[in-house]
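Asks: coords below, sequence missing:
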């Protein structure tokens, strides 16, 4: 007997599309519409409603890309509408396209009194109203004509990402501005059918439940009158009721459904539009809460709450009420859902200081979980930072995007570089935008890795990225799958409740140690170099500003600039969002980011200059102020004085000699030979009597590669780039531009393609370091520029700086995990070495690197360290990275990881020239270079207490004596939020302040009762 499944399936599909869905609205009538086009940027409601509105015909085009049109809609509910089991709603279709929800036109609905009702989204087009026949409708819709930048492609160049190039031609045409009467039983029936229709498709042909559902759906169609769906809907629901009432299997996987809207703080839209997206999504959520008592919504990013407080204060107060009820749940505890590969250690800490601080002040709530579902990989430093912030859980799903390897766990303990562990969950549903379909729920059940030991996972549901959030249809799906035979069970509750349940289920979680490397989106370490440089510069200017302001307050009584520093930090933290700092946003976003970095730099330079002026006093003596943790040229760490070049090393002068076409630079520590091609043919460590450039190789060589990833242009570097590279060796000129006993500088100029390259190679007295400045005028498309250093070092691994330490990565390719890690991130330095010897390659704004090892003919190995300097993707910004870039690199010979750290600080926060009458005594000293001072500031509570953050940098247990340059009454260890914690590092606070720290331990000390030394 033939299987009738296909026939029944076709019958179901046709009945739903042609009969059931059209019957949801019994009645519809068009509303009267007038409109006003905002001539520029969006305006507040109070300003908009005072404008002159003109008649508008539905079906007409409206606004321009990135424009705003205010629609005023009015009408009356017809007196003859039958309201039994029905509800009046406004229905809106602004001309939505078939692409992703939240990536196109949207609207926010207001009453004439300025009260926000809810939003209009591509898949959430109705506005329920509590009115009846004869009642009037009078509403405003703030409609945003945001272009669908992505469309169906993630690599096609588009002008729509830049306000200057997006044009003025309208891109949307209204379709619907109606009043409708929703038939509640028909709508409920549609939800019943959607759930059951999805369920049978996930069940095996051998399962009786599958056949039972199919037959039930067929009986439903037989029961319903196609000419009177409304009149027979209740009877149809009765047919399906037994199917929906049958309880789930006892062993069914349990899913905790958390309402969510992963709103990117910027991406294919600018920050100004994100603020409106938040208002739209949050109003949708509040409306849904009014209709469903069980619905709960989790929202990360304190920044988004702060925007509501500033721009939509009434909406914020409504949110606050739901927060205090426990239904609008702040999660994550961070200022934004940041990238975790690129932000520096102190910036990563401040994400929690700012985020948790906001939630505690505004709501009295401290989220216990970190919520980062979409960041592009997770630093091995993060577990310790999470624990230090007072959190204990971590959630992401991004590793499900891995190209090569599948993570072995969904629920586990994640261990960081210092040994800290945090209880972690990867939702096996593998999305943060679930609609709670049966396909998604069964995927979670099927893929869950901890079967047999635990049986719960989390599913975030709601339209995200561009916002919109959960819909009433999703909530209906959750209700129907609470306890349904054949389906995983679904419970709507909070993330904290899930984690507590999961922790109780899994008594001995497996452990994943080290970074969670995303085998995807490797280009984000390099794309949009100006944004990355702005971030690096801002992080170090903030370090300087806080240090010198703290010293000035203690020693001169100068007022500490709390507000200015908080504002600067909030700007920098926002721009560390995982689509801004990684370089994967539209041009508009990066233009604004770069403008903000320049503003922040100007403000911080003013603060630094003022503080240093207070400290050094009036005078013309040339001094250097060193905010770094290591002495440089005789200038003490965290202090200031006159430069004594070469004071910590051999002070032999630098010499320049010519040998044929070669230039030889020598300072008795390192000898550098620059050949006729302007390349380093020899890098000789004099002290070790060792050549570092392998025979036949040359260092400091620029290479250009074809960079055409299969997808995700700005995000990805695909491994096939390695097969399509060539060196840039053509030379326009080589000249010695500076020659003195203190420093020799050689400038090499090149042209290649449409770009020019000027490299300055310099050697200074007293430093075992070759410094390079690479000045590029870059005009390539879909090319990758790397700077290569082949080294005669037998390295088994590379050490790359991350937050508060470094991570060691194998450079062999033994496993698929090693092979997939072909491009990696590092902060200020990379170190490679063999037993007893190493080399450090440091930078001032580069993050992307690759490190490989090859065996030479005749024996010996070459370790190749390459910096990824620039890319030129064409989506979403078709002009990414075009123009001039200046990048600094240094190569330090005979270096260990502490030398590498010192080199990284020198390049990024080197001594700054000042004039005055007196040196600056260090604010504190540390007698062990392995214990590094990362931040010195005044306490967040404005008590005047001094807060100092340290970390152990070598990766070994260490002891150190800290000597403050100020008087204090007491000192305590604290968490990142500056709350006292158990003492684990302080071993003596009565005499000398002595610390004992474990490898990579992060320690925050709070000094109370601070005053200047007398």
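Replies: Ah, there it is. The structure presented is a predicted model; accordingly, all values stated were derived computationally and were not measured.
Asks: distance of residue 777 from residue 537?
Replies: Distance, residue 777 to residue 537, using C-beta to C-beta, to the nearest Å: 20 Å. Bear in mind the C-beta positions are built from the backbone N, C-alpha and C, glycine included.
Asks: Can you pick out the residue with more neighbours from the two?
Replies: residue 537 (20 against 14; other C-beta atoms under 10 Å).
Asks: count of neighbours near the nearest residue to the more buried one once chain neighbours are set aside?
Replies: Nearest residue to residue 537 in three dimensions, chain neighbours excluded: residue 601, at 6.3 Å (C-beta to C-beta, 6 or more residues apart in numbering). Residue 601: 15 surrounding residues under other C-beta under 10 Å.
Asks: cool, the one 4 residues further on as well?
Replies: Burial of residue 605, expressed as a neighbour count using other C-beta under 10 Å, amounts to 14.
Asks: pLDDT wise, what is the spatially most central residue of the chain at?
Replies: A centroid search over the chain (C-alpha atoms, centre = their mean) returns residue 578, at 2.0 Å, as the residue closest to the centre. Looking at residue 578, its pLDDT is 98.
Asks: repeat for residue 646
Replies: pLDDT, residue 646: 51.
Asks: ok, the nearest residue in space to residue 79 that is not next to it in sequence - contacts?
Replies: Nearest non-adjacent residue to residue 79, counting by C-beta to C-beta, 6+ apart: residue 133, 4.6 Å away. By C-beta atoms under 8 Å, 6 or more residues apart in numbering, the contact list for residue 133 reads 77, 78, 79, 80, 81, 83.
Asks: picking up where we left off before, would you mark the buried spots in the helix or strand hosting the residue nearest to residue 537?
Replies: Per DSSP states H and E, residue 601 falls inside helix 587-616. For helix 587-616, the neighbour count (16 or more other C-beta atoms under 10 Å) marks 587-594, 596-597, 600, 603-604, 607-608, 610-616 as buried.
Asks: rewinding a little: quick one: the residue nearest to residue 79 from residue 230, how far?
Replies: 17 Å.
Asks: Can you give me the neighbour number for residue 722?
Replies: Neighbourhood size, residue 722 [other C-beta under 10 Å]: 14.
Asks: and it, that's in a strand?
Replies: No - secondary structure of residue 722 (DSSP: H, G, I helix; E, B strand; the rest coil): helix, not part of a strand.
Asks: Show me the shaky parts of this protein.
Replies: Within the chain, the segments meeting pLDDT under 70 span 1-2, 645-650.
Asks: Residue 607 is in contact with residue 564, correct?
Replies: Yes - the criterion here is C-beta atoms under 8 Å, and residue 564 meets it with residue 607 at 6.2 Å.
Asks: In the stretch 301-450 of the chain, mark out all the strands, start to finish.
Replies: 328-330, 369-371, 393-395, 411-415, 421-425 (DSSP state E, counting those that start in this stretch).
Asks: Columns distance to residue 760 and mean neighbour count on top of these, output as a markdown table?
Replies: Converted to a markdown table, the strands of the stretch 301-450 of the chain look like this (distance: least, C-beta to C-beta, whole Å; neighbours: other C-beta atoms under 10 Å):
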| stretch | distance to residue 760 | mean neighbour count |
| --- | --- | --- |
| strand 328-330 | 50 | 24 |
| strand 369-371 | 43 | 27 |
| strand 393-395 | 44 | 23 |
| strand 411-415 | 43 | 22 |
| strand 421-425 | 45 | 24 |
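Asks: can these go into CSV with extra columns for distance to residue 275?
Replies: Converted to CSV, those look like this (distance: least, C-beta to C-beta, whole Å):
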stretch, distance to residue 275
strand 328-330, 18
strand 369-371, 20
strand 393-395, 25
strand 411-415, 33
strand 421-425, 30
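Asks: Between those, which one is closest to residue 891.
Replies: Distance to residue 891, taken as C-beta to C-beta, is lowest for strand 411-415 among the strands of the stretch 301-450 of the chain, at 32.7 Å.
Asks: Paired strands for the closest one, with orientation please.
Replies: Take DSSP bridges as the rule and strand 411-415 pairs in its sheet with strand 421-425 (antiparallel), strand 511-513 (parallel).
Asks: In a markdown table: the ones you listed, plus distance to residue 462.
Replies: Output for these, formatted as a markdown table (distance: least, C-beta to C-beta, whole Å):
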| stretch | distance to residue 462 |
| --- | --- |
| strand 421-425 | 18 |
| strand 511-513 | 28 |
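Asks: Specify the beta-bridge partners of residue 120.
Replies: Going by DSSP bridges, residue 120 forms beta bridges with residue 107.
Asks: Please give the number of neighbouring residues around the closest residue in space to residue 700 that isn't next to it in sequence.
Replies: Nearest residue to residue 700 in three dimensions, chain neighbours excluded: residue 680, at 4.6 Å (C-beta to C-beta, 6+ apart). Other residues within reach of residue 680, judged by other C-beta under 10 Å, total 24.
Asks: Residue 680 against residue 702, yeah?
Replies: No - between residue 680 and residue 702 there is no contact under C-beta under 8 Å: 12.0 Å.
Asks: what's the spacing between residue 186 and residue 583?
Replies: With distances taken as C-beta to C-beta, residue 186 is found 48 Å from residue 583.
Asks: Tell me the helices and strands packed up against the helix or strand containing residue 703.
Replies: Using DSSP H and E, residue 703 sits in strand 701-706. Where contact means 3 or more C-beta pairs under 8 Å, 6 or more residues apart in numbering; DSSP states H and E, strand 701-706 is packed against strand 725-727, strand 783-791.
Asks: In a markdown table: those strands, plus distance to residue 975.
Replies: Listed next are the helices and strands packed on strand 701-706 as a markdown table, based on distance: least, C-beta to C-beta, whole Å:
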| stretch | distance to residue 975 |
| --- | --- |
| strand 725-727 | 47 |
| strand 783-791 | 40 |
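Asks: so which of those comes closest to residue 128?
Replies: Using C-beta to C-beta, the helices and strands packed on strand 701-706 put strand 783-791 closest to residue 128, at 52.0 Å.
Asks: quick one: the closest one to strand 701-706, angle?
Replies: Counting by axes from the mean of the first three to the mean of the last three C-alpha atoms, to 10 degrees, strand 783-791 points 140 degrees away from the direction of strand 701-706.
Asks: in its sheet, what does the helix or strand following strand 783-791 sit against?
Replies: Counting by DSSP H and E, the next helix or strand C-terminal to strand 783-791 is strand 797-802. Strand pairing for strand 797-802, using DSSP bridges, gives strand 805-810 (antiparallel), strand 829-834 (antiparallel).
Asks: Thank you, goodbye.
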